[in-house]
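>>> Generate a structure from the sequence data that follows.
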Amino acid sequence: MEKDTREAIEAGLKKVGEEVKAMGERALAEAKKHGDMSAELKPRIDEMLVKQGELQARLQEVEQKSARMGSDEQHVEQTPGQMLIDSKEYKEWKASGGMRSTQSGFVFPIKATITSVPTTNTTTVGVAPDYQGIFQGPQRRMTVRDLITPGRTESNAIQYVKETGFTNNAGTVSETMEKPQSHLTYELVQSAVVTIAHWIKASKQILDDFKQLASMIDGRLRYGLAYVEETQLLKGSGVGHNLNGIYTQATAYSAPISVPSPTKIDQLRLMMLQAELAEYPSTGIVLHPSDWAAIELKKDTQGRYIIGNPQGTISPTLWGRPVVATQAMTVDTALVGAFMLGAQVFDREESNVVIASENQDDFIKNLLTVRNEERLALAVYRPEAFIKSTNLSSS
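Model prediction:
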């Protein structure tokens with residue numbers, strides 16, 4: 001009965017989930033077209049979400065009840081001898097008359113504890129562990145690379161010519177007047193390809209026996225590279241083996257116009273204006289999650305949210321530009337700019353994992369080195385296309 005109840009609840013959850021997804025897609029379409037979802041759709045979505053929560057609670061109650069019943073059953077550990085006597089192999093061998101023959105026998109495998117998993121119980125033999133899976137640590141959502149124009153290279157450096165000055169003397173002239181001369185100056189800039197890498201040691205047995213763990217190690221190593229890459233793309237110092245990050249090269253914020261008591265939102269709009277006056281309209285905003293939360297929680301005098309909507313499904317935006325919230329930024333700092341036009345990331349070697357047993361000591365001990373690395377370069381074509389603030393207004 002319990003099994004039927006669980007299956008019924010899971011089926012109900014699946015159906016509700018599909019309906020919520022369909023209504024969410026409809027809400028997004030309406031929001032894009034009209035600026036908000038219809039009044040008729042809002043209560044339906046709320047109703048479905050409440051129903052979904054109730055089903056999830058019922059499913060959790062059923063699973064907890066099942067777990068309690070299982071824990072009440074007494075589990076008697078058997079010795080290897082008892083396991084042998086009770087085994088199917090032994091009973092079949094005995095029934096066949098094998099006990100009267102000196103030439104016959106059978107194989108009975110005794111399961112050993114996985115030595116790769118630390119345990120304080122070193123005396124128990126033949127009891128398989130209750131394997132519950134792998135629980136990994138938290139992962140940051142990487143977003144900065146998505147704002148930048150992608151590219152590829154087969155060299156160890158990127159060279160490009162950057163315009164450093166333009167004196168525009170164009171003007172109207174008569175037929176006999178000398179035409180005015182304008183001036184352009186350029187600079188050859190080079191961005192080196194840098195390597196981001198790390199490695200770990202793992203036993204051959206653990207990688208052979210636990211495919212899920214092997215894939216998790218692969219995933220965590222790749223995440224480690226992406227974590228460093230995001231920080232490098234934003235704030236790499238450009239010194240030594242570091243990328244010269246966008247925020248590092250960006251132009252300092254200087255309010256183009258005066259606004260009384262500017263808020264965080266006001267300052268971000270003025271930063272966009274500063275970039276636009278440099279002929280580079282902004283395509284994105286990068287903030288720390290705490291600053292974006294403060295903006296979303298801003299209310300008017302009647303307690304209504306100005307930007308945030310607790311029931312909203314629209315992606316984070318300000319003034320029509322996407323907002324990227326990442327902990328790679330520092331609290332109370334901001335970066336606004338024309339990311340697609342002003343910068344480009346070049347992949348020389350995409351993230352790859354290599355497993356090897358190179359030295360004699362590792363070979364004897366069945367140890368493997370798992371290495372993960374990538375090579376990339378960053379070109380910031382026009383620093384004036386990016387505006388940075390080191391003191392985002394908190395008024």
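>>> Which residue ranges of the stretch 251-395 of the chain form strands?
With strands called from DSSP state E, counting those that start in this stretch, the stretch 251-395 of the chain shows them at 251-252, 284-287, 317-318, 321-325, 334-337, 343-356, 367-380, 386-389.
>>> Tabulate the ones you listed (JSON lines), appending distance to Ala8.
All C-beta spots, glycine's among them, are computed from the backbone N, C-alpha and C. JSON lines is the format used below for the strands of the stretch 251-395 of the chain (distance: least, C-beta to C-beta, whole Å):
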{"stretch": "strand 251-252", "distance to Ala8": "61"}
{"stretch": "strand 284-287", "distance to Ala8": "45"}
{"stretch": "strand 317-318", "distance to Ala8": "41"}
{"stretch": "strand 321-325", "distance to Ala8": "40"}
{"stretch": "strand 334-337", "distance to Ala8": "50"}
{"stretch": "strand 343-356", "distance to Ala8": "43"}
{"stretch": "strand 367-380", "distance to Ala8": "44"}
{"stretch": "strand 386-389", "distance to Ala8": "55"}
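>>> Those strands: which one's closest to Leu277?
Each of the strands of the stretch 251-395 of the chain has some distance to Leu277 by C-beta to C-beta; the shortest is strand 386-389, at 10.1 Å.
>>> Mind giving me the packing neighbours of the closest one?
helix 246-249, strand 251-252, helix 264-277, strand 334-337 (3 or more C-beta pairs under 8 Å, 6 or more residues apart in numbering; DSSP states H and E).
>>> What is the end-to-end distance of stretch 188-208?
With C-alpha to C-alpha, to the nearest Å as the measure, the ends of stretch 188-208 fall 51 Å from one another.
>>> Please name the nearest non-neighbouring residue to Ser351.
Take Ser351 and drop its neighbours on the chain: the residue closest to it by C-beta to C-beta, 6 or more residues apart in numbering is Glu374, 4.3 Å away.
>>> my guess is that neighbour meets Asn352, correct?
Yes - with contact defined as C-beta atoms under 8 Å, Glu374 reaches Asn352; the gap is 7.1 Å.
>>> neighbour count winner among the two?
Glu374 (19 against 13; other C-beta atoms under 10 Å).
>>> who's in contact with the more buried one?
Applying C-beta atoms under 8 Å, 6 or more residues apart in numbering to Glu374 gives the contacts 195-197, 225, 229, 347, 349-352.
>>> Out of those, who's the most crowded?
Glu229 (23 neighbours).
>>> before we move on, back to that, okay, the contacts of Glu374 in CSV with distance to Phe363 and pLDDT next?
Output for those, formatted as CSV (distance: C-beta to C-beta, whole Å; pLDDT from 0 to 100):
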residue, distance to Phe363, pLDDT
Thr195, 26, 94
Ile196, 28, 93
Ala197, 23, 93
Leu225, 27, 89
Glu229, 33, 93
Asp347, 33, 93
Glu349, 27, 91
Glu350, 29, 89
Ser351, 27, 85
Asn352, 23, 84
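>>> ok, these vs Glu178, which is closest?
Of the contacts of Glu374, the one sitting nearest to Glu178 (C-beta to C-beta) turns out to be Asp347, at 50.2 Å.
>>> shouldn't that closest one be in contact with Thr153?
Yes - look at Asp347 against Thr153 with C-beta under 8 Å: they come within range, at 7.3 Å.
>>> gap between the residue lying closest to Glu350 once chain neighbours are set aside and Thr195?
Closest residue in space to Glu350, ignoring its immediate chain neighbours: Glu374 at 6.0 Å, by C-beta to C-beta, 6+ apart. Applying C-beta to C-beta, to the nearest Å, the value for Glu374 to Thr195 is 7 Å.
>>> ditto for Ser315
34 Å.
>>> Extract the C-alpha set from stretch 150-164 and format it as PDB.
What follows is stretch 150-164 as a C-alpha-only set of coordinates in PDB (Å, rounded to 0.1, in the frame of the first residue of the first chain):
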ATOM      1  CA  PRO A 150      34.400  34.000 -27.400                       C
ATOM      2  CA  GLY A 151      37.500  33.200 -29.600                       C
ATOM      3  CA  ARG A 152      40.200  30.600 -30.200                       C
ATOM      4  CA  THR A 153      43.900  30.800 -30.800                       C
ATOM      5  CA  GLU A 154      46.800  28.400 -31.700                       C
ATOM      6  CA  SER A 155      49.500  30.700 -30.400                       C
ATOM      7  CA  ASN A 156      51.000  31.500 -27.000                       C
ATOM      8  CA  ALA A 157      50.000  35.200 -27.200                       C
ATOM      9  CA  ILE A 158      47.400  37.500 -28.700                       C
ATOM     10  CA  GLN A 159      48.500  40.600 -30.500                       C
ATOM     11  CA  TYR A 160      46.100  43.400 -31.600                       C
ATOM     12  CA  VAL A 161      46.400  47.000 -32.600                       C
ATOM     13  CA  LYS A 162      44.500  49.400 -30.300                       C
ATOM     14  CA  GLU A 163      43.500  52.900 -31.200                       C
ATOM     15  CA  THR A 164      44.900  55.200 -28.500                       C
END
